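S.K.: Predicted model and sequence below, questions to follow.
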Amino acid sequence: MDKCALGPEGAKDIAHALHNNKSLLRLELGGNMIGPLGGNVIFNSLEFNSTLQELGLRMNRIGGCSDKFDIQTLVKSLTSGVCHLIKLDLSYNDLRCEGCILLSRALSSQACMLTELLLEKNDIEKNGAIALADALCTNTTLQRLDLKGNNVCDDGAVAIGRMLSCNTALNFMNLSSCSIGNAGGSAIGIGVGQNSSLEELILDSNSLGYGDDTSFFLKGISLNNTLTNVRLKGNKFAATKDMLWDNAIADALGNNSTLCHVDLSNNSLSDSSIVDDIASSTSSITYFDISDNNLEHISIETQLLLAKRMATLEIDMSLNPLSSPPLGRLATHSNLESYLTLLASEKTEVSRIRLMVLGYGGVGKSTFCRAMTASEDAKDMFQTSLNPVSEWKSDRLVHWAEQLGTVWSMDAVELIKTECIVGKDLTTLFEESDIEDTVLPSKRLLDLASTNYTKIDCNTFAKAIHALSQKGYLSTVGVLKVKDTLKLGTRTCSMIDFAGQVEFLVSHQLLLSSMHTICMIIQPLSSFGKPSHRHFGSWNYWSQFLLKLGDRRKGSLLLAVSQLDKTSVEDSQTYVDNAVKEFSRIRARALGAVSSSNPLMLAYSPDNITSTVAIVKEALSKSLDEVGHSWWVPQSYETLASILQEVLIRKKMNHELPKLTISELIEEIDGHCNIQCNGSSLLLSKMKNDSNLMQRAISYLEAVGDVMQAGDWLLLDPI
């Protein structure tokens, strides 16, 4: 009869019926607003009724009077020896401390037969909680107590902890949202450690972690041998700066042998050792919620152990910035099960990763990429590229023309070679018009092109030559994949040179959002501490841009200083000091993304370039180790990459756009599986039939630069 608008008058009729009823076992009257008067008459009838066992009176304003006469009547009936009520729900009423103190008198009586008492949201404060706890020290019948949403505070929690150490009847207690802090939680923990009856404890949305007393776990959960269900969602266990709580929780879960259901969600925990114990085959836990924390990577060994337990363990790691397994914030149980099952069959260490080179235009991104990939034979050519454009030789201009990326680039290359064009000749190939910002091809360029190089777009070529002459360097437009790669140990690092222009931020956002990349931001030395410099604040801008795109892995962000040779000796130390200060500020707020202790100093003079390349490679190797730590993928992902490479080659030969739909990709997988007929093909077949696994594979291929996904379409070799 919930929400029937009975009011006090309707309650009188119910009470009259109860007075004479001999068969009714359960009565639900929630939300009827019967008030203290209605409650009083119903409670009075219980003194004459010996059959009713369960009474629900949620949301009825019971206790809403100064002298609590209705609660006094309830206590009288519960202790009469006639009433056999075993479950009483008074949630969302108005008992407050006074009513709770009265009710505790009933619980102290051996005549009271209640086994379940629900008092959620009754404005009960510490004195009421203390009275209840004192009564339950001697009570031997109450098995379930719900105090959710009351202001129990630490003082009330201390009394509850004391009660738990001697109570032998309670098996369920809900203390969610009870304003319990570290001291109260520790007291409850000590009581739990001595308790021999409690099976389920709910302490969601308190503040147990606001302090460094870990007794709740080390003296409670570790020692208890009856608890099967513990819920501790939202308790701020990472409030301390060190790993104090992470370690205590890991130790407790490793020592306890009875827990089956554990909820530690929304606690900012970051230590993966918590999951290590759950993965053990000896763990009793069958449900584990550690979602909405700060876990970044789970060791490959633990992932493989979890794969073996997924049939009996339901685990939720969603809303963590996970990079290994590479599920990000989507590590729900079903996604984990799909991925870990495949991983267990064919684990492979990641060997490919991308370095994104960032910064405003003119900071030396392209110069850096050339320096890192230049062979010993090409070192002289690299050095000449650092000279002013007017001093460039023909071979340097040929290299520049090759990067124009137009259909007539090779014709431009042939023109430069055949006509022996050098840097000082560039001004003879264009003319500046009287119209502002207008550049036209010179008569010489027009004559050369009309004779032997007719494919060249002279207007565009003249503008490019003019831009090169004005800037003194090759300006990257959009995003450019560097042709050569870096071999660092067993891993291969490809480099992407990003334009610094604001108009390319949309493409940058698409490409830089991956957690599985390393980003290097370059800023000229002379811009540090100099707000008037056009490159001032470049580190700060790009680092904030990257961090706002999403979680970044530890060590995935490098900061570098360029153009050291363009600063006078007497000023350089001041600029270096400013750069170090800026580096420290960014490192502090980058949440571990910047793990190096100093910025990279990029010096390219003949005396310094060898050591600079060695230092950068060492820093990259360290970052690769940190980013690649525990980042393993199924071998099928690399097999899929080779299939896509074959598709790309075929489309280029047929002059087709390098794209295909996911449905077309599945057809390609089918064709591969029909030819191979081995274990790898079986796993690929499983992948194409599981949309979650397929999406994980595509995410990996995006991370290493093989594809870019747009809805159902995949763009091959997108840069």
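M.R.: Received it, and whenever you're ready, just let me know what you need.
S.K.: what's Phe430 sitting at in phi/psi?
M.R.: Here is the backbone geometry of Phe430 (degrees, to the nearest 10): phi -150, psi 160.
S.K.: and it, bridged to which residues?
M.R.: Beta-bridge pairing for Phe430 (DSSP bridges): Pro441.
S.K.: my guess is it meets His466, correct?
M.R.: Yes - between Phe430 and His466 there is a contact under C-beta atoms under 8 Å: 4.8 Å. C-beta coordinates here come from the backbone N, C-alpha and C atoms, glycine included.
S.K.: Confirm Ser281 sits in a strand?
M.R.: No - Ser281 is assigned coil when assessed by DSSP: H, G, I helix; E, B strand; the rest coil, not a strand.
S.K.: which ones are touching it?
M.R.: Ser281 makes contact with 305, 308-309, according to C-beta atoms under 8 Å, 6 or more residues apart in numbering.
S.K.: Now neighbour count too, for those residues, in TSV please.
M.R.: Formatted as TSV, the contacts of Ser281 follow (neighbours: other C-beta atoms under 10 Å):
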residue	neighbour count
Leu305	20
Lys308	14
Arg309	19
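S.K.: Give me the subset of those lying in strands.
M.R.: Counting by DSSP state E, those place none of their members in strands.
S.K.: Any regions of this structure where pLDDT drops low?
M.R.: In the predicted model of the chain, residues 239-242, 377-385, 436-437, 471-483, 499-516, 629-631, 676-683, 719 satisfy pLDDT under 70.
S.K.: and the longest helix for it?
M.R.: In the chain, with assignment by DSSP state H, the single longest helix is helix 569-589.
S.K.: I'd like to know which elements that helix is packed against.
M.R.: Secondary-structure packing of helix 569-589 (3 or more C-beta pairs under 8 Å, 6 or more residues apart in numbering; DSSP states H and E): helix 538-548, strand 557-562.
S.K.: What residues does the residue most central in space within the chain make contact with?
M.R.: Centroid-nearest residue in the chain, with C-alpha atoms, centre = their mean: Pro321, separated by 1.8 Å. Going by C-beta under 8 Å, 6+ apart, Pro321 touches 294-296, 328-329, 515, 550-551.
S.K.: And the buried ones among these, selectable in ChimeraX?
M.R.: In ChimeraX syntax, the buried subset of these is picked out as below (16 or more other C-beta atoms under 10 Å):
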select :294,295,296,328,515,551
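S.K.: circling back: neighbour count winner among Phe430 and His466?
M.R.: Set side by side, Phe430 and His466 show more neighbours around Phe430, with 23 against 19, by other C-beta atoms under 10 Å.
S.K.: So the more buried one versus Asn20, what's the distance?
M.R.: 109 Å (C-beta to C-beta, to the nearest Å).
S.K.: likewise Glu638?
M.R.: Applying C-beta to C-beta to Glu638 and Asn20 gives a distance of 79 Å.
S.K.: neighbour-wise, which of those two wins?
M.R.: Neighbours per residue (other C-beta under 10 Å) separate Glu638 from Asn20, with Glu638 holding more: 21 against 9.
S.K.: For the more buried one, which non-adjacent residue is spatially closest?
M.R.: If the residues on either side of it in the chain are set aside, Glu638 comes closest to Thr348, at 6.5 Å by C-beta to C-beta, 6 or more residues apart in numbering.
S.K.: that older thread, name the residues contacting each of Phe430 and His466.
M.R.: Val439.
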